[in-house]
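Undergrad: here is a sequence with its predicted model. Questions after.
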Amino acid sequence: MLSAKSESDIASLAPSSPSRSPKRPVYYVQSPSRDSHDGDKLSSMQPSPMESPSHPSSGRHSRNSSGSRFSGIFRSSSGRKSSGRKGNGNKEWNDKAWPECNVIMEEGNYDDEDKTFTRRFQALIALLSFVFLFAVFCLIIWGASRPYKAEIMVKSLVVNNFYVGEGSDSSGVPTKMLTLNGSLRMSVYNPATIFGIHVSSTPINLVYSEIPIATGQLKKYYQPRKSHRTVSMIVEGNKVPLYGAGSSLTFAQTGIVIPLTLKFEIRSRGNVVGNLVRTKHRRQVSCPLVIDTSSSKPIKFKKNTCTYD
């Protein structure tokens, strides 16, 4: 009796034991969409009522459904066109029966940025190329204009007044005093073929024993290309003290003979390309001469009399 009861109890308890009960199969029912009009079927995975909520397969089903949702998002963003079908909730569905969703473009249009950068880079290259070519052009023009120096030739000196006498300087020291007034003529030639020149000079000095006894100045002027011009300057000195140099003066019955040196510098400047390219030259002029007060003739200078450096 005891044995039979224990067997029946064991038999009744055996099916309810969870440790020995076999796993029940999971059934999925595929049902058509209610809103579909063209016969397409919406595959939806639905668990069977026989499946326990605590069954381990529910985790696998949730993973499958979440994967299906993500794959739908990724596929819809790949650029496929919607077939125009609508399901529950007025959502559009594509050919794969996945819902369409709006895609948010998180990145800008890099093609426009690349084009803008390329255009700016090209503009910079063009500007630098223009500057380089213009600089080379100016350098070539400057080098070609260098040989064109103004040609100077001193022609004559006319002495209008010459006087030597005794006197004293501003401090009261007695010495010989000299007064001279004259006119100097010279010619200037501009050999340049493409530009004119601006001509000026340093003070024009008549020097006696390292003492300037008369001074003049050339007024600045403009001379066109390939042109000649003769200019005149006034040189004068009034009561210039000679100090010890006066003792070497030679006095004759007919007049005074005094050796002098004419010294000055001629400056020329040519604007080849406006103010951007300029060419400058300087010519040192030195002419020895002798003044004889007994003669009223002008002192003429030969071509080889003066030095032009």
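TA: Received the coordinates, thanks. Keep in mind the model is a prediction, meaning the values are calculated, not measured.
Undergrad: look up the closest residue to residue 301, ignoring the ones flanking it.
TA: Closest residue to residue 301 apart from its sequence neighbours, by C-beta to C-beta, 6 or more residues apart in numbering: residue 154 at 4.7 Å. (Glycine included, C-beta is placed from N, CA and C.)
Undergrad: so for that neighbour, what pLDDT did the model give?
TA: Predicted confidence (pLDDT) for residue 154: 94.
Undergrad: any idea how many residues pack against it?
TA: 24 (other C-beta atoms under 10 Å).
Undergrad: flag every buried residue along the host helix or strand of it.
TA: Secondary structure from DSSP states H and E places residue 154 in strand 151-168. By 16 or more other C-beta atoms under 10 Å, the buried positions in strand 151-168 come out as 152, 153, 154, 157, 159, 162, 164.
Undergrad: which among these gets closest to residue 222?
TA: residue 152 (16.4 Å; C-beta to C-beta).
Undergrad: how close does the closest residue to residue 210 other than its chain neighbours get to residue 259?
TA: Nearest in space to residue 210, with sequence neighbours left out and distances taken as C-beta to C-beta, 6+ apart, is residue 245 at 7.8 Å. When distance is defined by C-beta to C-beta, to the nearest Å, residue 245 is 11 Å away from residue 259.
Undergrad: more neighbours: those two, which one.
TA: residue 245 (16 against 12).
Undergrad: and the strand holding residue 154, which strands flank it?
TA: strand 174-190 (antiparallel), strand 299-300 (antiparallel) (DSSP bridges).
Undergrad: report the contact partners of residue 181.
TA: 159, 160, 161, 162, 214, 234, 235, 236, 237 (C-beta atoms under 8 Å, 6 or more residues apart in numbering).
Undergrad: please tell me how far the fifth one sits from residue 260.
TA: To residue 260, residue 214 is 8 Å away according to C-beta to C-beta.
Undergrad: who touches both of these two?
TA: residue 206.
Undergrad: wasn't residue 114 part of a strand?
TA: No - if the criterion is DSSP: H, G, I helix; E, B strand; the rest coil, then residue 114 is helix and not within a strand.
Undergrad: about what we covered before: neighbour count for residue 214 and residue 260, which is higher?
TA: residue 214 (26 against 20).
Undergrad: return the set of residues that bridge with that one.
TA: Applying DSSP bridges, one finds that residue 214 bridges with residue 206.
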